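Undergrad: Kindly return the folded structure for what I paste below:
(chains A and B)
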Number of protein chains: 2
Amino acid sequence: MSDHREFYAGRRVLVTGGLGFIGSNLCRALAEVGAAVTAVDSLLPDYGGNLFNLAGYEDRVRINIADVRGHGMEYLVRGQDVLFNLAGQVSHLDSMQDPVTDLEINCTSQLKLLEAVRRGNPELKIVYAGTRQIYGRPLYLPVDERHLLQPVDVNGINKISGEFYHLVYHQVYGIRASSLRLTNTYGPRQLIKHNRQGFIGWFVRQAAFGEEILVFGDGRQKRDLNHVDDVVDAFLRAGAMDAADGQVFNLGDARPLSLLALVELLVEVAGGGRYRLVPFPPERARIDIGDFHADTGKARAVLGWEPRVPLRSGLADTIAYYRAHREHYL
Amino acid sequence: MSDHREFYAGRRVLVTGGLGFIGSNLCRALAEVGAAVTAVDSLLPDYGGNLFNLAGYEDRVRINIADVRGHGMEYLVRGQDVLFNLAGQVSHLDSMQDPVTDLEINCTSQLKLLEAVRRGNPELKIVYAGTRQIYGRPLYLPVDERHLLQPVDVNGINKISGEFYHLVYHQVYGIRASSLRLTNTYGPRQLIKHNRQGFIGWFVRQAAFGEEILVFGDGRQKRDLNHVDDVVDAFLRAGAMDAADGQVFNLGDARPLSLLALVELLVEVAGGGRYRLVPFPPERARIDIGDFHADTGKARAVLGWEPRVPLRSGLADTIAYYRAHREHYL
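TA: Residues are numbered from 1 along each chain as shown, chains lettered A, B, ... in the order given. Model (predicted):
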């Protein structure tokens, strides 16, 4: 067990969005290393929270159902050592259809949470789940943390605010906050019921269950992917290390692949299935960003983080997981 | 009269924040060129709205008291040709003391306004009042529009969102929106009652009325200033020109001066007065940005805009204005 995992033994850790995809995997990892974990989640329909995601951990993770937009966070942050702040509205499409709800969850709630921390627990260490979406269409590749922010949808804008609030509360009040800018994350416990939270969960689902995969455009858009175990490792590192405070870090992978290559790999790993190229639906074309992959040199240098899960085996394990637990995800 | 002023003859124009400093000067200019102007303002205490700012124009500018946070904007945007969107919370200090109010005014209201435009008047031309505050402490000078955004306070973050909402609504829905990133603006009709909306109005007031001017730090911080007439001219240009759509433009001046030099000029122009250097109060030191001046090459190239009011005569006229109308501003 490396140092950054040992740090959590006996620590009190709060995870917002703790029943979601990344949050639940993080809660499980934290429980494994001996943290006293509380998972906060609103279980809003279609957002990704799923009680089954903590199956088997009910005795080791305290589950607290609460909406970050309401009261209660003031109380919940007290006495905690670390906050992994993952609660959010993550659908780009939903943010265009209901921008005010996206704002309430991704901005207003974040600001109220930080105010609660400043007043009630200013020593709390916070790691925020940011997103590479804030860069928009890349001006150069790979995209480093100094790339211009040019969000293409309301969600991207509000995620910028959420991250900046953390950085300003660090700068002005000394709150020990940092942000990880996540790229496409895949793995067990993702929402795969609908396709409004990004392509990767949807592709995995279709491959796992033999549905025809529709690839928008020519399929040549390149993206980088991270397995959720690698993302969890990055959160654990940032939460344990003082050097993270006040910083933002790209996650990602230096080996992007085209959506077509990804789909072909998925079909191969799944042992069957099919795909078809179709034109971009207009509401997606307008917010598509083309090729993307992140420069993760800063996370490597400061956090010692590198993605370790090989794509092929990661996808194979993921497909096996959904096949084994289909009824909890479809 | 140049083309961009002629454009407004007979046009229906809405100005949010129309009783404020820049908004009222803009309303007056619009009335002069024959526009049918409606000024919307909430007259929130201490925000800058002042009925006297439209004195003499009551017959030529329709005044509609309304808070952009409430309902009513859906109705007010209908049938308008141009919206100058200047309503906002502008105090950096207030944004740290009451961040949620800043968010409601500068983000939530903007998003609701854009939704109202998209649904009720998608042909509306919009010019948004952005701010150079979003750049934070400059990494290089002069600061151009591609400078990294690194806001130092909650107001800066929320102003980024407000601007980005306009750009995304342009990109996704074709709303004809642009943004001017204003620097320190001075001139008649500014709020000079308190010093929470920036140094320039406060310095002008102290010079005009013989109060001792306190300069924080060593006074060597350099800033650029624009006279409000030049800022109004930029709004008129952006509102009249298709080339502005989807763009952001720095305003500013290529000849920054130190706060000390500014204060000495003010004392000279005012014909008396005094100043003193004092240490930065901590709540201001934390959000101070050091030297700043903007590269305005893009506004010059695309809008044909250049600041024209000489600083010395601009300050002299401004001081004369407040002395003549003291009771309406103190």
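Undergrad: Tell me which stretches of the stretch 151-300 of chain A form helices.
TA: Along the stretch 151-300 of chain A, counting by DSSP state H, counting those that start in this stretch, helices occupy A:154-173, A:199-208, A:228-240, A:259-270, A:282-285, A:297-298.
Undergrad: what angle separates the second one from helix A:259-270?
TA: So the one you mean is helix A:199-208. Going by axes from the mean of the first three to the mean of the last three Cα atoms, to 10 degrees, helix A:199-208 is angled at 40 degrees with respect to helix A:259-270.
Undergrad: For helix A:199-208, what is the distance to the chain centroid?
TA: 17 Å (Cα atoms, centre = their mean, to the nearest Å).
Undergrad: Remind me what that helix packs against, helices and strands.
TA: Judged by 3 or more Cβ pairs under 8 Å, 6 or more residues apart in numbering or on different chains; DSSP states H and E, helix A:199-208 is in contact with strand A:184-186, strand A:212-216, helix A:259-270, helix A:311-324. C-beta here means a position set from N, CA and C on the backbone, and glycine is covered the same way.
Undergrad: Touching it from outside, list them.
TA: Identification of contacts with helix A:199-208 by Cβ atoms under 8 Å, 6 or more residues apart in numbering or on different chains yields A:21, A:184-186, A:190-192, A:194-195, A:211-213, A:225, A:259, A:262-263, A:266-267, A:269-270, A:273, A:315, A:318-319, A:322-323, A:329-330.
Undergrad: Please repeat the previous calculation with a cut-off of 7 Å.
TA: Taking contacts as Cβ atoms under 7 Å, 6 or more residues apart in numbering or on different chains, the residues outside helix A:199-208 that touch it are A:184, A:186, A:190-192, A:195, A:212-213, A:225, A:262-263, A:266-267, A:270, A:273, A:318-319, A:322-323.
Undergrad: Chain B contacts on chain A?
TA: A:96, A:99-100, A:103, A:107-108, A:111-112, A:115, A:146, A:148-149, A:151-154, A:157-158, A:160-161, A:164-165, A:168, A:171-172, A:286-287 (Cβ under 7 Å from any Cβ of the partner chain).
Undergrad: now do 8 Å
TA: A:96, A:99-100, A:103, A:107-108, A:111-112, A:115, A:146, A:148-149, A:151-154, A:156-158, A:160-161, A:164-165, A:168, A:171-172, A:286-287 (Cβ under 8 Å from any Cβ of the partner chain).
Undergrad: my guess is residue A:134 meets residue A:163, correct?
TA: Yes - in this structure, residue A:134 is within contact of residue A:163 by Cβ atoms under 8 Å, at 7.3 Å.
Undergrad: From the residues of chain A next to chain B, list just the buried residues.
TA: Listed as buried from those are A:96, A:99, A:103, A:107-108, A:111-112, A:115, A:148-149, A:151-154, A:156-158, A:160-161, A:164-165, A:168, A:171-172, A:286-287; burial here means 16 or more other Cβ atoms under 10 Å in any protein chain shown.
Undergrad: is residue A:125 in a bridge, and if so with what?
TA: residue A:82, residue A:176 (DSSP bridges).
Undergrad: For it, list the residues it contacts.
TA: With the criterion set at Cβ under 8 Å, 6+ apart, residue A:125 makes contact with A:81-83, A:176-177, A:239, A:245.
Undergrad: out of the residues you listed, who's nearest chain B?
TA: Set against chain B, the nearest of the contacts of residue A:125 by Cβ to the nearest Cβ is residue A:177 (13.5 Å).
Undergrad: Just give me the neighbour total for residue A:212.
TA: Residue A:212 is flanked by 9 other residues according to other Cβ atoms under 10 Å in any protein chain shown.
Undergrad: my guess is it contacts residue A:274, does it?
TA: Yes - the pair residue A:212 / residue A:274 is scored as a contact, 5.4 Å apart, by Cβ under 8 Å.
Undergrad: picking up where we left off before, PyMOL command for the buried members of the contacts of helix A:199-208?
TA: Selecting the buried subset of the contacts of helix A:199-208 in PyMOL, with 16+ other Cβ under 10 Å as the burial test, is done by:
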select buried, chain A and resi 184+186+190+191+192+195+213+225+262+263+266+267+270+273+318+319+322
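Undergrad: ok so, going back, now the contacts of residue A:125 in a markdown table, with pLDDT?
TA: Below are the contacts of residue A:125 laid out as a markdown table (pLDDT from 0 to 100):
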| residue | pLDDT |
| --- | --- |
| A:81 | 98 |
| A:82 | 98 |
| A:83 | 98 |
| A:176 | 98 |
| A:177 | 98 |
| A:239 | 98 |
| A:245 | 98 |
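Undergrad: What ranges in chain A fall below the confidence cut-off?
TA: Within chain A, the stretches with pLDDT under 70 are A:1-2.
Undergrad: switch to 50 and redo it
TA: A:1 (pLDDT under 50).
Undergrad: Tell me which residue of it is furthest from the middle?
TA: residue A:272 (28.7 Å; Cα atoms, centre = their mean).
Undergrad: Correct me if wrong: that residue contacts residue A:212.
TA: No - in this structure, residue A:272 is not within contact of residue A:212 by Cβ under 8 Å, at 11.6 Å.
Undergrad: intersection of neighbour lists for residue A:134 and residue A:163?
TA: residue A:181.
Undergrad: With adjacent residues omitted, what lies nearest to residue A:91?
TA: residue A:196 (4.3 Å; Cβ to Cβ, 6 or more residues apart in numbering or on different chains).
Undergrad: Including distance to residue B:45, could the helices of the stretch 151-300 of chain A go into JSON lines?
TA: Formatted as JSON lines, these follow (distance: least, Cβ to Cβ, whole Å):
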{"stretch": "helix A:154-173", "distance to residue B:45": "26"}
{"stretch": "helix A:199-208", "distance to residue B:45": "50"}
{"stretch": "helix A:228-240", "distance to residue B:45": "43"}
{"stretch": "helix A:259-270", "distance to residue B:45": "55"}
{"stretch": "helix A:282-285", "distance to residue B:45": "43"}
{"stretch": "helix A:297-298", "distance to residue B:45": "46"}
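Undergrad: And the ones you listed: which comes nearest residue B:124?
TA: helix A:154-173 (18.8 Å; Cβ to Cβ).
Undergrad: now the angle from the closest one to helix B:154-173?
TA: Using the same axes, to 10 degrees, helix A:154-173 lies at 170 degrees relative to helix B:154-173.
Undergrad: So which elements touch helix A:154-173?
TA: helix A:92-97, helix A:99-103, helix A:109-120, strand A:125-131, strand A:176-182, helix B:154-173.
Undergrad: Pull the distance from it to the chain's centre.
TA: Offset of helix A:154-173 from its chain centre (Cα atoms, centre = their mean): 16 Å.
Undergrad: CA atoms only: put that helix into CSV for me.
TA: Below are the C-alpha coordinates for helix A:154-173, written out as CSV (Å, rounded to 0.1, in the frame of the first residue of the first chain):
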residue,chain,number,x,y,z
VAL,A,154,-23.9,25.6,-20.4
ASN,A,155,-22.5,22.7,-18.4
GLY,A,156,-19.0,23.6,-19.4
ILE,A,157,-19.5,27.1,-18.2
ASN,A,158,-21.0,26.1,-14.9
LYS,A,159,-18.2,23.6,-14.3
ILE,A,160,-15.7,26.4,-14.8
SER,A,161,-17.4,28.4,-12.1
GLY,A,162,-17.5,25.4,-9.8
GLU,A,163,-13.8,24.9,-10.2
PHE,A,164,-12.9,28.6,-9.9
TYR,A,165,-14.9,29.0,-6.7
HIS,A,166,-12.7,26.3,-5.2
LEU,A,167,-9.5,28.1,-6.4
VAL,A,168,-10.7,31.5,-5.2
TYR,A,169,-11.6,30.1,-1.8
HIS,A,170,-8.1,28.6,-1.7
GLN,A,171,-6.5,31.9,-2.7
VAL,A,172,-8.5,34.2,-0.6
TYR,A,173,-9.4,32.1,2.5
